[in-house]
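Engineer: Here is my input, please return the structure:
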Amino acid sequence: MFPWNRRLSFSGVCLLFVVSLAWGSGANAGDWPQFRGPGGNGVAVSKGTLPTEIGPQKNVVWKSELPPGHSSPVVVGDRIYLTGIREKQKLVTLALERATGKIVWEVEAQFEKLEEIHPTGSHATPTVASDGERVVSFFGSAGLFCYDTSGKLLWQIPLGPFKNDFGSGTSPLIVDDRVVLCQDHDTDSFLMSVDKRTGRIVWRLDRGEFPRNYCTPTIWEVNGKKQIVIAATLRIVAYDFESGDEVWTVRGIARIVNMSPVVGADGNLYVATWSPGAEANDRINTPPFDEAVAESDKNKNGSLSKDELGDGATKQRFTQIDRDKNGEITREEYESMRKVFQQARNVVMAIKPGGTGDISKSHVLWEYTRVIPYCPSPVVYGDQLYLIKNGGILTVLDIKTGKALKEGRIEATGDYYSSPVAGDGKVYLLSQRGKLTVLEAKEGWKELAGADFGEDAYATPALVDGRVYVRTAGHLYCFGSVGVE
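Structural biologist: A predicted model of the protein is given here:
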């Protein structure tokens, strides 16, 4: 782990005095420069009619074969950028020609050892970020890499190895002249801000209270000042973009957060969090440490090893509770996670801007606690918030009230890792089984079309200038309506 434990200060003045989104200064307004596009909100900002009927044989502009990887396509200028894995262990960043899908260049990232990952994960999960002049890739324990648009390495920051057997899933951001990266693992969690031109770490702060989480931050601009907003174990935190100082917090969320916050066109922040064991009828309850030790500590050493435990929540989540990975759960580790189990809440909430300190009661506009996804981030489109849950259960909320407008099961069932995206009056959903659904974004929803790609899919589609870019397990597709250039 890099030895930057102290936080470095950096001052600056913002000249904007409205609540708005902020994205990389070098990217064009219609580009898709990071995970979930401009501002990370999953909404197309460019003009153009997006195709409704798409699939392996419908409205295909081009199709390119790709190495495996879960990272989502990023579209900037005339290039598309992604990451992948060659020969099961080569971590590569790729640039494709936007017009044809041809691979223009491919660069391998060096590493000492591949990190452990979740069985459904990938070593190429984080999505790259680009500002049109540079491309930033992150490969977990291999570190952070910055290339120019010809594939030349400009700088790199070795990171890890991280103590987390699920791997890394959080994506970097390029905002103004900075690269922002958050990494929450079972120990040594951090948030850092890096000079995008030189790779110099401007500041790095300790997030040690937060164990493993996978929320890519969002940038919320309030009264002309940018905030880095991260949802993680039990609380949401906003940090000052320039200094890294904590600005506000909202408490009372899930114990593990995979979804990223979004900012609506109304300027409010929308956050969805869910993890197993926090439902009223299915809650994780563990006895106090002294009771657990009295029952299970067979060698009487005052801690708990995995082979001493019977089946149950503690054994099932042993690697999460054993945060230092020494094979023993100590009193501190056990009671810390027991507190998390007790306090965790699965919730969707709307937060108004302008708060400081603990704003859990003063700035939360509404909460919704039913049928919440685990992985796919929400999308706010118009006055509606869309949530897609495993099993193909779709919920649409009114962003003004938090009330459900419609809830039901779409035709494409199965698990969902890809996040919904929206544009041109449509919402696009992609299941893990590779089944795509196109919805009409009216009050509630109406299914317009569907497609089956016949391959697994984990990446979130990109919507740019009338084109839809869909990554499956082995291919990247570009779709466009007939006659649309």
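
Engineer: Backbone dihedrals for the closest residue to residue 374 other than its chain neighbours, both of them.
Structural biologist: The shortest distance from residue 374 to any non-neighbouring residue, by C-beta to C-beta, 6 or more residues apart in numbering, is to residue 274 (5.4 Å). Any C-beta I mention is one placed from the backbone N, CA and C, and that applies to glycine too. Per-residue torsions, residue 274: phi -150, psi 140 (degrees, to the nearest 10).

Engineer: separation between residue 274 and residue 256?
Structural biologist: Applying C-beta to C-beta, to the nearest Å, the value for residue 274 to residue 256 is 9 Å.

Engineer: ends of stretch 374-386, how far apart?
Structural biologist: Stretch 374-386 has an end-to-end distance of 14 Å (criterion: C-alpha to C-alpha, to the nearest Å).

Engineer: Sorry, wrong one. I was asking about stretch 36-47.
Structural biologist: Chord length of stretch 36-47, first to last residue, is 17 Å (C-alpha to C-alpha).

Engineer: Then stretch 185-201?
Structural biologist: 20 Å.

Engineer: what does stretch 295-312 give?
Structural biologist: With C-alpha to C-alpha as the measure, stretch 295-312 spans 13 Å from end to end.

Engineer: What of stretch 79-97?
Structural biologist: Per C-alpha to C-alpha, stretch 79-97 runs 5 Å from first to last residue.

Engineer: what do you get for stretch 47-66?
Structural biologist: Chord length of stretch 47-66, first to last residue, is 28 Å (C-alpha to C-alpha).

Engineer: How far does it sit from its chain's centre?
Structural biologist: When distances are taken as C-alpha atoms, centre = their mean, to the nearest Å, stretch 47-66 is centred 25 Å away from the chain's centroid.

Engineer: what's next to that stretch, contact-wise?
Structural biologist: 30, 44, 82, 84, 94, 96, 100-103, 423-424, 426, 436, 438, 448-449, 451-454, 463, 465-468, 470-471, 474-482, 484 (C-beta atoms under 8 Å, 6 or more residues apart in numbering).

Engineer: Enumerate the beta-bridge partners assigned to the residue lying closest to residue 156 once chain neighbours are set aside.
Structural biologist: Nearest residue to residue 156 in three dimensions, chain neighbours excluded: residue 145, at 4.8 Å (C-beta to C-beta, 6+ apart). Under DSSP bridges, the beta-bridge partners of residue 145 are residue 137, residue 156.

Engineer: send the alpha carbons of stretch 388-401 over as PDB?
Structural biologist: Taking C-alpha atoms only, stretch 388-401 is exported to PDB below (Å, rounded to 0.1, in the frame of the first residue of the first chain):
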ATOM      1  CA  ILE A 388     -34.400  -2.800 -11.600                       C
ATOM      2  CA  LYS A 389     -34.000  -5.700  -9.100                       C
ATOM      3  CA  ASN A 390     -33.000  -9.300  -9.600                       C
ATOM      4  CA  GLY A 391     -35.900 -11.300 -11.100                       C
ATOM      5  CA  GLY A 392     -36.700  -8.500 -13.500                       C
ATOM      6  CA  ILE A 393     -38.700  -6.600 -10.800                       C
ATOM      7  CA  LEU A 394     -39.000  -3.000 -11.900                       C
ATOM      8  CA  THR A 395     -40.100  -0.100  -9.700                       C
ATOM      9  CA  VAL A 396     -40.700   3.500 -10.800                       C
ATOM     10  CA  LEU A 397     -40.900   6.200  -8.200                       C
ATOM     11  CA  ASP A 398     -42.200   9.800  -8.400                       C
ATOM     12  CA  ILE A 399     -39.100  11.800  -7.500                       C
ATOM     13  CA  LYS A 400     -41.200  14.500  -5.900                       C
ATOM     14  CA  THR A 401     -42.900  12.300  -3.400                       C
END
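
Engineer: Quick check: buried residues in it?
Structural biologist: Buried residues in stretch 388-401, counting neighbours by 16 or more other C-beta atoms under 10 Å, are found at 388, 389, 390, 392, 393, 394, 395, 396, 397, 399.

Engineer: I'm done for today, thanks for sticking with me.
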